[in-house]
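A.B. asks: Structure for the following, please:
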Amino acid sequence: MGEARKINPEEEESKELASEKKQIVWRYFMVILLLGAVITNICVDLFKIAFREKEKWMAVVERHKIPDQLVKPDRGNIYSSDGKLMVTNVPRYYLYMDFQADGFVADTFLRSGSGLDSLALCLSEKLKNRTAKGYRNHLLRGMKSKSREYPLYEGRVSYADLKEIKQFPFIRRGRNISGFYEKEVIQRQRFYGSLASRTIGDIYNEKETGGLPKGKTGLELQYDSLLRGQYGTRSTIRVGKNWTSVMEEEPVPGMDIVTTIDLQIQDFTEKALIDKLRSVDAETGIAIVMEVRTGEIKAISNIERIRPGVYVETNTRNYALTDQLEPGSTFKIPSIMVALEDGVCTPDDVVDTGNGIYRYENRKIIDHNADRGGYHQITVAQAVWNSSNIGIAKTILKGYRNNPKKFTDGLSRIGMDADLQVYGAGRPRIRTQSDPRWSKLTLPWMSFGYEVQIPPIQTLAFYNAIANNGKMIRPVFTKEIRRDGKTVERFSTKVIRSSVCSQKTLNIIREMLVDVVEKGTGRAVHSDAVAIAGKTSTAQIAADGKYRSHQISFCGYFPADNPAYSCIVVIRRPHIGTPSAGLMSGGVFKTIAEKIHAGQTKIDIRSMDADSMKVALPEVKNGDAETLTALLNELEIETEPRRLKSGYVVAERRTEDRLIALKTVAPKENTVPNVAGMGARDAVYLLEKSGLRVSLSGRGQVVSQSLTPGQRVNRGQTVSLVLRH
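C.D. replies: Here you go, the predicted model:
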């Protein structure tokens, strides 16, 4: 027999490894095959769901989804010219009860311990609009009506009040059991009360509009589309047993408006106007302050009397912009400007005004001093100073009687009918010969401010042009529009007329306006603090075809030599005193001008003359040595000795040596210290350190003490100190 073949162990091990590799590869192949089948199946199902069964599954989703809800944006804020927040959004809440809530049980609600009676008492104490019994009956009526939206309270409450109310008896059980719920509305809060409230305007709230608040008046209406913002959308989807809210589109907050209003100027403009209206018992009044160079409206007030002695910013009309009434004598300046430009007259031309009564076309033109014999012969300039109706009318008739169109064209040329492009402003109404109401009387009456209708803002813009070296600019109420603090749009000065007249005419007119205040009907407006230029006007107001009351106004600018601000003040129907534009409207103008000027005047104290009452050395109180020497060194006042480290000192002024001499006070132990001349703080500290109680009377430094210095201390004893300046 042949010898058996010897098996190599290494070869055997190699075969086993190869066999294991084949098995592993085969297993991987099977796993991949199975995964491939699963993935293929998933892909097939996805295809079926996405395309073949799309409508079926979309219907399932819709059954588990609450329809999209609109998300309200925040309305934009309104700021003053210096960035102070004037108007913003504040949430307020209406309170309701759902008496058909799923968990509401009448017996539980009527239980006295934690139900109806306790809730009625809490609501009465908190809301104070009904007694506890009244709230009990109110809630019982709601339960009887089975209303799902029964108003618990007619007003609105703040978020803090809402949180408190939610902890009241029965309500704190939650909406499902109590039926209590709230509806949020956005209320516009004004941080400065009624200041410029008519210009800022008002809004319709969500309850009135059924959606977002909308602008109602003023800037709120003008910029409503920007302030309002844009809705967002939110959907609620059921995932398993829970509902999940998903914001599909974020709401876009409204933009912010930066106004030109200066809160300080607005404050004392409104106060000065109200004080005068109250003193003369007038019906309404307006005041506008405008920055000459920029046209920015720094203050605007529309005040009306709501009952005797009570005046508020009007909510009905912006009289300063919309009123189209006869302006009266402030219109004499445009009339004379046209005449000067056309060469009809010079300031020195003489006009015979007679005894103050001039008959023209069977109608009387009367000067305000006719009862005193009139002005007789005066110059055109004096006719302006003294506001002579006859003087102005005769001047205009001399130049334009045969060609009235030239006069009305001249008024248009100087900008009296210009479109100021101010939102909500009325347009001037200046008659022409094509007007069927034109008569032979129209020209002379127009010359002194009748048979024309000019809104106050238009008159102010014209006088501002005179102050602005002839350039008429648009009145501006808005400086910027911002989004998230960044400027989106900035409003610049817009020129309406590059020049209302020649420089020669302008110089004459400006001199006349100064003389009105210094020599004429505006003498009451003269101020020693700031030079004022302007024109008075006392016009009669027609009612039922008769002139029964007065409108008095003053329009001008200040300082007269370098105008910074223009202003118009109009007061209607004063009932106390003789109507006087200088004393009444001019008085308000003067107050405004002086306060603005005082607030913006800067004085370099280094250039001021030395005070005749000054002292070489200040009066120094006795007290702590270290504090006192540090203070005197800071004030560069020499002391002797130069430094004291601790203890209390008595200070003595040595005027001849121009220094403060300091002497250390070293009270003996257990004795009453001498605190004469010390301030209250140092005296109290030293006495209490000695074991005494202190009683103070007066202010300043100690002039007397009830316990004699140096006597033995009885701890706990009270020492009385008298202090005087």
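
A.B. asks: which parts of the strand or helix carrying T591 are buried?
C.D. replies: In this structure, T591 sits in helix 585-600 according to DSSP states H and E. By neighbour count on 16 or more other CB atoms under 10 Å, the buried set for helix 585-600 is 585-597. (Glycine included, C-beta is placed from N, CA and C.)

A.B. asks: Let me see the mean pLDDT of it.
C.D. replies: Average pLDDT, helix 585-600: 93.

A.B. asks: Tell me which other helices or strands that helix touches.
C.D. replies: In terms of contacts (3 or more CB pairs under 8 Å, 6 or more residues apart in numbering; DSSP states H and E), helix 585-600 is packed against helix 263-280, strand 284-291, strand 533-543, strand 546-558, strand 565-572.

A.B. asks: Is it possible to get CSV of the ones you listed that adds mean pLDDT and mean neighbour count?
C.D. replies: Output for the helices and strands packed on helix 585-600, formatted as CSV (pLDDT from 0 to 100; neighbours: other CB atoms under 10 Å):
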stretch, mean pLDDT, mean neighbour count
helix 263-280, 94, 20
strand 284-291, 96, 26
strand 533-543, 88, 23
strand 546-558, 89, 23
strand 565-572, 96, 27
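
A.B. asks: closest to V495 among the buried residues of helix 585-600?
C.D. replies: Lowest distance from V495 to the buried residues of helix 585-600 (CB to CB) belongs to I596, with 24.7 Å.

A.B. asks: Is the closest one in contact with Y557, as I believe?
C.D. replies: No: the pair I596 / Y557 is not scored as a contact, 11.4 Å apart, by CB atoms under 8 Å.

A.B. asks: Overlap of the contact sets of these two?
C.D. replies: Contact criterion CB atoms under 8 Å, 6 or more residues apart in numbering; residues shared by I596 and Y557: Y565.

A.B. asks: quick revisit: and the buried residues of helix 585-600, which two are furthest apart?
C.D. replies: S585 and H597 (18.5 Å).

A.B. asks: just the strands in the stretch 151-300 of the chain please.
C.D. replies: Along the stretch 151-300 of the chain, counting by DSSP state E, counting those that start in this stretch, strands occupy 180-190, 203-204, 214-215, 232-239, 242-249, 256-259, 284-291, 297-307.

A.B. asks: Name the strands paired with the third one and say parallel or antiparallel.
C.D. replies: What that stands for is strand 214-215. Partners of strand 214-215 in the sheet, by DSSP bridges, are strand 203-204 (antiparallel).

A.B. asks: average model confidence for the strand it pairs with?
C.D. replies: Averaged across strand 203-204, the pLDDT comes to 84.

A.B. asks: Can you list the neighbours in contact with that strand?
C.D. replies: Strand 203-204 has contacts (CB under 8 Å, 6+ apart) with R75, R188, P213, K214, G215, K216, E220.

A.B. asks: Below-threshold pLDDT in the stretch 151-300 of the chain: ranges please.
C.D. replies: Scanning the stretch 151-300 of the chain for pLDDT under 70 picks out the ranges 206-211, 237-243.

A.B. asks: Show me where the stretch 1-150 of the chain has its strands.
C.D. replies: Taking DSSP E, counting those that start in this stretch as the criterion, the stretch 1-150 of the chain contains strands spanning 65-71, 78-79, 85-97, 150-157.

A.B. asks: Of all those strands, which one comes closest to V516?
C.D. replies: Distance to V516, taken as CB to CB, is lowest for strand 85-97 among the strands of the stretch 1-150 of the chain, at 36.0 Å.

A.B. asks: before we move on, the earlier item: return the two entries of the contacts of strand 203-204 that lie farthest from one another.
C.D. replies: The span of those, defined through CB to CB, is set by R75 and K216 at 12.6 Å.

A.B. asks: Which one's more surrounded, the two?
C.D. replies: Using other CB atoms under 10 Å as the criterion, R75 and K216 rank with R75 on top: 25 against 16.

A.B. asks: give the contact list for the closest residue to the more buried one other than its chain neighbours.
C.D. replies: Once flanking residues are discounted, R75 sits nearest to G254: 4.8 Å by CB to CB, 6 or more residues apart in numbering. Taking CB under 8 Å, 6+ apart as the criterion, G254 is in contact with P73, D74, R75, G76, L226, L227, R228, G229.

A.B. asks: OK, contacts around the second one?
C.D. replies: Yep, that's D74 we're talking about. N89, I186, G229, P251, P253, G254.

A.B. asks: who's in contact with V517?
C.D. replies: V517 sits next to R523, V525, H526, I532, A533, G534, G556, A560 when contact means CB under 8 Å, 6+ apart.

A.B. asks: how close does it get to A533?
C.D. replies: The spacing between V517 and A533, counted by CB to CB, to the nearest Å, is 6 Å.
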